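> After the sequence you'll find the predicted model.
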Amino acid sequence: MAAETRDGDEFDVAVVGGGLVGVATAWGLSREGCRVVILDEGDRAVRASRGNFALVWVQSKGLGLAPYAGWTIRSSNAWRGFSDLLKQETGLDVAFQRPGGFHLCLSEKELEARANVLKRLHNQPGIVDYKTEILTHDQVKAMLPDIGPEVVGGSFCPLDGHVNSLRLFRTLHAALNARGVVYRPSHRVESITREGGEFRLTTTRGEVRAAKVALAAGNANMRLAPMVGLDCPMKPERGQIVVTERLRPFLNHPVVTLRQTDEGTVMIGDSKEESVDPTGLTIGVSATEAERAVRQFPLLANVNVVRTWSAIRVMTQDGFPIYDESQSHPGAFTVCCHSGVTLAANHALTIAPMIARGALDASLVAPFSARRFHVQAAG
Amino acid sequence: MTAAADLASSYELVVIGGGPAGLAAASLAARAGVSTALFDENPGVGGQIYRAITSTPVKDRAVLGEDYWDGAALADEAKASGALIVNGATVWSLDRQRLVGVSIGGKARVIEAGRVIIATGSQERPFPIPGWTLPGVMTVGAAQTVLKAQGLVVCERTVLAGSGPLLWLLAAQTLRAGGKIDAILDTTPRRNWLQAAVHLPDFALSPYFAKGLALLREVRARVPVHRVDRIEAVGADRVREVVFSSAGGTRRLPVDLLLLHQGVVPNVNLANAAGVTHVWNDRQLCFVPVLDADFGSSVPGIAVAGDGAGIAGGTAAAERGRIAAIAAVRALKPDAVVPDTQAIRQRLQREEMGRAFLDWLNRPADGFRMPEGETIACRCEEVTAQQVRETARMGCEGPNQMKAFLRCGMGPCQGRLCGLTVTELIAEERKATPDEVGYYRLRPPVKPITLAELASLPISEAERKAVER
Amino acid sequence: MFKRLAEKGPAIAITVDGKTVNAHAGDTVAAALLAAGIDHCRTTPVTGAPRAPYCLMGVCFDCLVTVDGVGSRQGCLIPVREGMKVETQLGRREAGR
C-alpha cells in the first residue's frame, strides 16, 4: 500500500496530509464510498498529531467566534459514536472518556482571570451555554482528592473529555488500511493544478490525479491553499509537553494542563512559544510545567519524567478552524484547525460527507470560511 | 562527595562518562589548565571495560587479565589531574547551547559548558530472541559487571550464547575465577569468514590477534561449544531451559542463567538528543555520529569520543579521548601546552587495525537482529516483532511514526534496547536501508529525573509566561 | 546462579520486601539481589510479566525497584546502604511513593 506512485493514478479525492485531520477526513470520505488517496510527508515530518495533548475539550472554546462553541460541542457529542465505529472496524479502543474536565488555578489572580474569560465567553450573542462552573478549592477537592493546598479553585465543564490520541492516530491508519485507502508517505505535495476538470498533484515521488482535493496539511496549508485559489493564514507556535512513567490510576478527570492517560502516564503541558523550531526544547519551560504540576498534585513530586518534547501547533491566525471550498477551483477544500483531536468526529462524520457531496453546508460551517480574515482587513 | 549544589555554574569543559575516553580526555584537559568536570553515573570510574577499577574485590590479577588493570593508570592519572570527577552523576540533558542537565543524589542542576566531550561509550547490542525478557536471561556484559565490581561469578547451569570478543573474554575470566559454564552457543554465521578473511592480514598485525587466539583456546579446552542458528529461552516465570538448533537438529539444555551477547554498539542517546547527526554504519550494523578528525560532531563544541564514536575498544577509546581533549584545549586556551597529536593518532591507528576483521567476523546474523512473530522487540512496552512488521506493512515508514503507533521506544529505556531492532525491522519490511529509515528522535531527559527535580530548575520570566496565562 | 569469590568482606544488612538480606560493601542493589538469588525484582506495567536485572549498566531499566519508599530506582546504579529498604515493584508505580 505504500508502493511507489505510478504516474497517472486517479482517485475521487486526494487528501493532502496524513495527520489526524487528514486521516479522519479520509476515513469519512471512504465511508461515503469515495476512492481516496492520502499524500503525506515522511517519518520526520513536523507533525502535530504525534505531539498533541489529546483532550476532547469544550471549555474556553468560542471566545471571539461564538459558533465555534457550538461546532466543538457537536464534535464532543459525536465522539462516543465515532469511537464505537472505529472499534467495530479495527477492534482498537481509543479510550475516549468524557468525565468532565478542569482548569485549575494556583492563585486568586488566576482564578479571577479564569472567571472573567468565562463571563466574556458567555456574554457573547448566540453562544451555546456549556455549563462551565467556577469551583472553590473544596469543591474541586471533592472531585480531585489529590490536589495540593495551593489550588485555590478552578473551572469545571461536564462536556470535557480526553482520548488516547496516538492510538486514535494508529486506529484511523489501521481502519484506512483495512478499507483499502491508498496511503503514500514521503509524497510531499509540491504543486497542485486543475486541468480538464481534475486536479494534478505533483509530489516528490510522482504525480497523482484526483477529482477533488482536501487540504489537511496543517500549517503547510498556508503554502498549498493559494495553489487552488484559497487562503489559509496560519500562525504556528511551539508547545512543550512533559510526560511521566506509567502510574496506577489516580486522576479521574482531565485537567487542561495535566491528564493521566489510559496507559497510566501523566502528560503535563500547555506552553506557548513563538518559535517554530520543532527540534528545540526550552528547559525552563519544562521546569515551569513541572513546578505547576507538583503544586497542583504534590503526590507527583517523586514521579519520574520519561520524556519531554516540543511540537508545533497547527494554528490559524485567529485560532479558529478554517473550512473552505474554492470558487476558482471547484472541488478543492481546506480542512484546517488547531483541535484535530476534539474535532476529529466532526471531520469524519460531518465535513467528509460534505466534501463527498462536493459542497460545504453553509448552515454549519459558513462562519469558519477564511473570508472572515478579509472582512476584518477591509473593515 | 560532590553534591549538585557544589557544582560551579559553568566549566570550560564538561566530559560525560568516566570510561577510558572520558578519563583520558579529562586528565589531558585539566593538566593543560582547562577547568574540567567529568560526570559519570556509576558508583566509580572506569566505564564498563575498567568497571570498579579502583574498588574491585577480585585481587588475583590473572582472573580479569592484564588489559583490565591498564585502567588503573588512567583512573590514577585522572584523579591527579585536577579535573573534578563526580560519580553518581547522571547527565539527562545536553543541547546545542551546551547546557548540561545533571542530577546528583536526586538534585538536578543545569550548568554551562564551553565545550563538551560525550564519552558515554557503548552498550550491548539488543539480542531479541524468544524469551529474552525472562528472569535468568542477562547479558554477558552484566555478568562481567558483577564479576568486576562485586566478585560474583557464575556457576551451575549457565550457558553463554552469541558472538564477539567479550563473550570469550567473560568465559575465560569466569573459568579462571573458578566459575562454571555448561556450554557456549556460538551464533557467528560461518559465511562471515568470507568477508572477514580479506582483513585477516591487518588483524594478524594488531595486538588483538594473539590475545584472541589464546582466549579461544583457553575456553574451548574446557567448555563445549555448539554452533547454532536459532536460540530460544524457555520458561514461564523464569528461564528453565535453552532450546537451540542448527542444521544438525534441535537440542535443549536446562539453565538457571542464559547470558547473551552479540557485540556492542554506540550508546547514541545523549548525542542524538543534543542534535548530533548520525549515519548508519553497515559494517558495524549501528548508527554512529558523523565526526571530524578531532571527533568533533555536527554540533559546534560537542565532540564524541570513545566507543560512542564507533566501536574500536578501550585502548582506542583513550586515544580518541585525548585527541578530542586536545581540540577542546586548543579552542579554549590557544596558548596551552598540549601533547603532539601525531603520536596519538599513530597509536590510535594501530589500535584500530584489525577492527574490520573483528567487525566482519562477528557481524550478527539477520535472524538474531530482526526477529519474527511474538518475540519482543521493545522490552519496556512489550511490543512484538510481528506488530512492528505489520505496522510497517501498513505504510508506517519510520521509527518515529512507529513509536506513535505502537509505543515502542516510549518506555524508560528510551529505545536503547529496541531502537536498532525497530529500524532494521522497518528497513526489512520496506526493502529500504536503515539509513533511509532513520532512528528515533530522542528527547531529554535521556535518563529519567523526577518531576520535583525538573521543577527545581531556574525559570526565567519569559519561560514562566510561556506556561502561565 | 552466582557465587561470591570472597565470602568475607564488610556485610551490609538490607531488607528486600521485609526480609533481611546480607549484602556486601561495594554491592549495588541489583548485585545484592542477584547474589541473594532473588528471582525477579519487578513486574512490568504493561502485562505484569516478571523481570530481573538484564544489563547491569544502566541501560535496560529492568532492575527498577522501590528503594526506601521511592519507586522506579535503577537498582544497578545505587550502592547498598545499611538498613536500606528494597521492595519489588509490581506493575505500574503508585504516585506518591
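That came through, no problem.
> C-alpha from now on. contacts and neighbour counts both.
Will do.
> show me where pLDDT drops low in chain C?
For chain C, applying pLDDT under 70 flags the ranges C:7-8.
> show me where it has strands.
Using DSSP state E, the strands of chain C run over C:2-4, C:11-16, C:19-24, C:42-43, C:50-51, C:64-67, C:70-74, C:85-87, C:89-90.
> Check what contacts the last one and list those residues.
Under the contact criterion CA atoms under 8 Å, 6 or more residues apart in numbering or on different chains, strand C:89-90 has outside partners C:41, C:42, C:43, C:44, C:45, C:48, C:64, C:65, C:66, C:71, C:72.
> Return the most buried member of the strands of chain C.
Burial of those is given as mean neighbour count (mean count of other CA atoms under 10 Å in any protein chain shown); strand C:64-67 ranks first at a mean of 25.
> Any part of that strand near chain B?
No: Strand C:64-67 does not reach chain B (CA under 8 Å from any CA of the partner chain); its nearest approach is 9.8 Å.
> and that strand, what does it pack onto?
strand C:70-74, strand C:85-87, strand C:89-90 (3 or more CA pairs under 8 Å, 6 or more residues apart in numbering or on different chains; DSSP states H and E).
> May I see these arranged in CSV, with distance to residue B:159 as well?
What follows is these, written out as CSV (distance: least, CA to CA, whole Å):
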stretch, distance to residue B:159
strand C:70-74, 26
strand C:85-87, 29
strand C:89-90, 28
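> what residues are up against residue B:174?
B:63, B:153, B:154, B:180, B:181.
> ditto for residue B:132
B:138, B:232, B:233, B:376.
> and the residues you listed near chain C, which?
residue B:138.
> which ones among the contacts of residue B:132 are found in strands?
Per DSSP E, the subset of those in strands is B:138, B:232, B:233, B:376.
> Neighbours of residue A:85, how many?
12 (other CA atoms under 10 Å in any protein chain shown).
> Am I right that it falls within a helix?
Yes: with DSSP: H, G, I helix; E, B strand; the rest coil as the criterion, residue A:85 is assigned to a helix.
> Identify the residue nearest the spatially most central residue of chain A in space, chain neighbours excluded?
What sits nearest the mean C-alpha location of chain A, by CA atoms, centre = their mean, is residue A:340, with 1.8 Å. What sits nearest to residue A:340 in space, not counting adjacent residues and going by CA to CA, 6 or more residues apart in numbering or on different chains, is residue A:21, at 5.4 Å.
> and the one you found, what does it touch?
Residue A:21 neighbours (CA under 8 Å, 6+ apart): A:216, A:335, A:336, A:340, A:341, A:344, A:347.
> Which members of those are positioned in helices?
Among the contacts of residue A:21, the residues falling in helices (DSSP state H) are residue A:344.
> thinking again about what came up before, does the residue nearest to residue A:340 sit in a helix, a strand or a coil?
The assignment at residue A:21 comes out as helix when based on three-state DSSP.
> May I see the ones in strands among the contacts of residue B:132 arranged in a markdown table, with neighbour count, distance to residue B:260 and pLDDT as well?
Output for these, formatted as a markdown table (neighbours: other CA atoms under 10 Å in any protein chain shown; distance: CA to CA, whole Å; pLDDT from 0 to 100):
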| residue | neighbour count | distance to residue B:260 | pLDDT |
| --- | --- | --- | --- |
| B:138 | 22 | 6 | 98 |
| B:232 | 18 | 11 | 98 |
| B:233 | 23 | 10 | 98 |
| B:376 | 24 | 15 | 98 |
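> got the end-to-end distance for stretch A:307-324?
38 Å (CA to CA, to the nearest Å).
> buried sites along it?
A:307-316, A:319-324 (16 or more other CA atoms under 10 Å in any protein chain shown).
> What of stretch B:62-74?
B:63, B:64, B:68, B:69, B:71, B:72, B:74.
> and if you look at stretch B:228-235?
Within stretch B:228-235, the residues scored as buried using 16+ other CA under 10 Å are B:228, B:229, B:230, B:231, B:232, B:233, B:234.
> cool, and stretch B:243-255?
Neighbour-count burial for stretch B:243-255 flags B:243, B:244, B:245, B:254, B:255 (criterion: 16+ other CA under 10 Å).
> Same question for stretch B:208-225.
For stretch B:208-225, by 16+ other CA under 10 Å, it's B:208, B:215, B:218, B:219, B:220, B:223, B:225.
> and the third one, backbone torsions?
For residue B:218, the backbone dihedrals (degrees, to the nearest 10) come out as phi -60, psi -40.
> so what's it closest to, chain neighbours aside?
Using CA to CA, 6+ apart and skipping residues adjacent in sequence, the residue nearest residue B:218 is residue B:172, 6.7 Å away.
> Might you report the residue contacts of that neighbour?
So residue B:172 contacts B:215, B:218, B:219 (CA under 8 Å, 6+ apart).
> confidence score at the second one?
pLDDT, residue B:218: 96.
> one step back: please, which helix or strand holds the residue nearest to residue B:218?
helix B:165-176 (DSSP states H and E).
> The helix or strand just after that helix close to chain C?
Downstream of helix B:165-176, the first helix or strand assigned by DSSP H and E is strand B:183-186. No: residues of strand B:183-186 contacting chain C under CA under 8 Å from any CA: none, with a closest distance of 14.7 Å.
> Tell me the strands beside strand B:183-186, with direction?
strand B:158-163 (parallel), strand B:225-227 (parallel) (DSSP bridges).
> May I see the buried residues of the longest one?
Neighbour-count burial for strand B:158-163, counted by 16+ other CA under 10 Å, picks out B:158, B:159, B:160, B:161, B:162, B:163.
> List phi and psi for the nearest residue to residue A:287 once chain neighbours are set aside.
Spatial nearest neighbour of residue A:287, chain neighbours left out: residue B:455 (4.6 Å); criterion: CA to CA, 6+ apart. Here is the backbone geometry of residue B:455 (degrees, to the nearest 10): phi -70, psi -20.
> Report how many residues lie close to residue B:455.
24.
> same question, residue B:283
Residue neighbour count, defined by other CA under 10 Å, stands at 11 for residue B:283.
> next one: residue B:452
If we define neighbours as other CA under 10 Å, then residue B:452 has 24 of them.
> How much space separates residue A:342 from residue A:24?
In terms of CA to CA, residue A:342 sits 11 Å off from residue A:24.
> And for residue A:328?
The value you get for residue A:328 to residue A:24, if CA to CA is used, is 26 Å.
> quick one, which of these two is more surrounded?
Taking other CA under 10 Å, residue A:328 and residue A:24 do not tie; residue A:24 has more neighbours (29 against 11).
> can I assume the more buried one is in contact with residue A:350?
No: the criterion here is CA atoms under 8 Å, and residue A:24 misses it with residue A:350 at 10.6 Å.
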